[in-house]
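Peer 1: curious how this folds, go ahead:
(chains A, B, C and D)
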2 protein chains.
Amino acid sequence: MSNTPYANVPVTPVSRPTLRRLPLYLRFLLDLHTSGTARVSCTVIANELQYDPTQIRKDLAVTGIVGRPRTGYDVVELIRAIETFLDWNRPHEAIMVGLGSLGRAILGYDAFSAESGLQIRAAFDIDPEKVGKRIRNCPVYHVSRLAEIIDKTKAKIGILAAPASVAQDLANAMADAGIRGIWNFAPVRLRVGQDTIVENVLLKTSLAVLTNRLKEMLEYENEEVGTLE
Amino acid sequence: MSNTPYANVPVTPVSRPTLRRLPLYLRFLLDLHTSGTARVSCTVIANELQYDPTQIRKDLAVTGIVGRPRTGYDVVELIRAIETFLDWNRPHEAIMVGLGSLGRAILGYDAFSAESGLQIRAAFDIDPEKVGKRIRNCPVYHVSRLAEIIDKTKAKIGILAAPASVAQDLANAMADAGIRGIWNFAPVRLRVGQDTIVENVLLKTSLAVLTNRLKEMLEYENEEVGTLE
DNA sequence: TAGATTGTTAATCGATTAACAATC
DNA sequence: TAGATTGTTAATCGATTAACAATC
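Peer 2: Below you'll find the model as predicted:
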């Protein structure tokens, strides 16, 4: 039922790299708009963000925007096209599971709601110190009430910032209760059904790239110094 | 001087995808070790993490580990190999710039120091409410003292969690003061010199993937329902 | 008109997956 | 020995970059 080859809907989703670049374009375009610029070409965006102009043209094409040779794209139109494509121009009811330091930070990071429409309506934890309170103006419930509250809030997005050891169980519970998209901050690959989407934010993984590259660079420099002596 | 083709050092760095997977393997291996398992094969890791076994073999090879046909790899040896390769078995002096909600969260997220050796020695902001205090046991200085304190702490890693509008200037100041690796949480592509490494954590970018895919999925379901009527 | 820029097709590049000999 | 698994080379896949006709 879910993957018929006959559907008149794009079978191949837009590539992750493209989706990841769109918010960067959007930010630059918003800055341009603020500074009163009405039109913009791929060359200008490419120079600013250090990408290939062709790539930007292809990325923008997925939003359905049409540009004009010689003058480029209308900035306002382009902003609207990207926001619509990302579904950032309407509220997204969401819940948050796990209120460690990371969870609380996400809860307090206003930019998500302001720019992407993310509305975190409820948070969950097992710590009796937290349950029943409001943290950053968001009510905190015991995890046992997950299904009930998800149903009540009609949330479709669940943010998972619980310890790795319980992440899979919580993901199952969230999916059972009607969550369709999980924004996962736990360092675990979640196993979910076909009708649930998982997007991982792996902070340690990013740190790994930094520390390894830094090590390589510093080792290389030391070897060079050694060679020169 | 910095990129001679004659250097006996790998010219091509290990690919980002590989580096990003290594921490996931590491976490699973640590769990295995805790549960008393001595040896592991790529097949087992692949099943657990839902990757291709060949990919895991190639990824592990970059660490220099050697396995044995039929029995696989020694778990302890493999853990040590990955940690050494990522440079996670020694302390990394670091500083933190920007103490908004995101900055404070990173400061309070113990897992980085415990598992990767990240040691945040000082934090910087411009808010007089914060400067001079200690936040999460870390002294907070005014940004004007960046060079002085970086010099004193010998920090090589700088975490950038300041607003986008000032991120580039702060990155320049960090690089000038001796920071070689910038872990960037600001939604901006930083321009840095050849001897500085930037690793970006783009949270909004990740949210974009989730909201777009979710929209596509829900639209698709609605169309199907429509078709069935 | 002349020339910059779009939209699109073709070529390249890099990463993943498949195939298979070597080996414990 | 027999068979599972490693290490490595070849094939495939997907994303980026180059080339170029269409167009405002």
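Peer 1: mind listing the strands the longest strand along chain A pairs with, and their directions?
Peer 2: With secondary structure taken from DSSP state E, chain A has its longest strand at strand A:118-125. Sheet pairing of strand A:118-125 (DSSP bridges) gives strand A:92-97 (parallel), strand A:138-142 (parallel).
Peer 1: average pLDDT across that strand?
Peer 2: For strand A:118-125, the per-residue pLDDT values average out at 98.
Peer 1: before we move on, what about stretch A:69-86?
Peer 2: 98.
Peer 1: what's the offset of it from the middle of its chain?
Peer 2: Centroid separation for stretch A:69-86 versus its chain: 21 Å, with CA atoms, centre = their mean, to the nearest Å.
Peer 1: buried stuff in that stretch?
Peer 2: A:72-75, A:78-79, A:81-83, A:85-86 (16 or more other CB atoms under 10 Å in any protein chain shown). Glycine gets a C-beta too; all of them are placed from N, C-alpha and C.
Peer 1: rewinding a little: immediately after the longest strand of chain A, which helix or strand?
Peer 2: Towards the C-terminus, the helix or strand next in line after strand A:118-125, according to DSSP states H and E, is strand A:134-135.
Peer 1: paired strands for that next one, with orientation please.
Peer 2: Strands flanking strand A:134-135 in the sheet, each with its direction: strand A:138-142 (antiparallel) (DSSP bridges).
Peer 1: which residues touch the strand it pairs with?
Peer 2: Surrounding strand A:138-142, the residues in contact under the criterion CB atoms under 8 Å, 6 or more residues apart in numbering or on different chains are A:96, A:99, A:107, A:120-126, A:130-134, A:149.
Peer 1: got the domain ranges for chain A?
Peer 2: A:16-86, A:92-204 (automatic domain parsing).
Peer 1: deepest-packed of those, please.
Peer 2: Across the domains of chain A, the average number of neighbours (mean count of other CB atoms under 10 Å in any protein chain shown) peaks for domain A:92-204, which reaches a mean of 19.
Peer 1: now the strands paired with strand A:118-125 as TSV including distance to B:Phe28?
Peer 2: Supplementary listing: the strands paired with strand A:118-125 in TSV, determined by distance: least, CB to CB, whole Å:
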stretch	distance to B:Phe28
strand A:92-97	22
strand A:138-142	30
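Peer 1: about what we covered before: okay, the longest strand of chain A in PDB with CA atoms only?
Peer 2: Provided in PDB are the C-alpha atoms of strand A:118-125 (Å, rounded to 0.1, in the frame of the first residue of the first chain):
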ATOM      1  CA  LEU A 118       8.400  23.900  15.500                       C
ATOM      2  CA  GLN A 119       5.900  24.000  18.500                       C
ATOM      3  CA  ILE A 120       7.000  21.800  21.400                       C
ATOM      4  CA  ARG A 121       3.700  21.300  23.300                       C
ATOM      5  CA  ALA A 122       4.800  18.800  26.000                       C
ATOM      6  CA  ALA A 123       8.000  17.300  27.400                       C
ATOM      7  CA  PHE A 124       8.500  13.900  29.100                       C
ATOM      8  CA  ASP A 125      11.000  12.500  31.600                       C
END
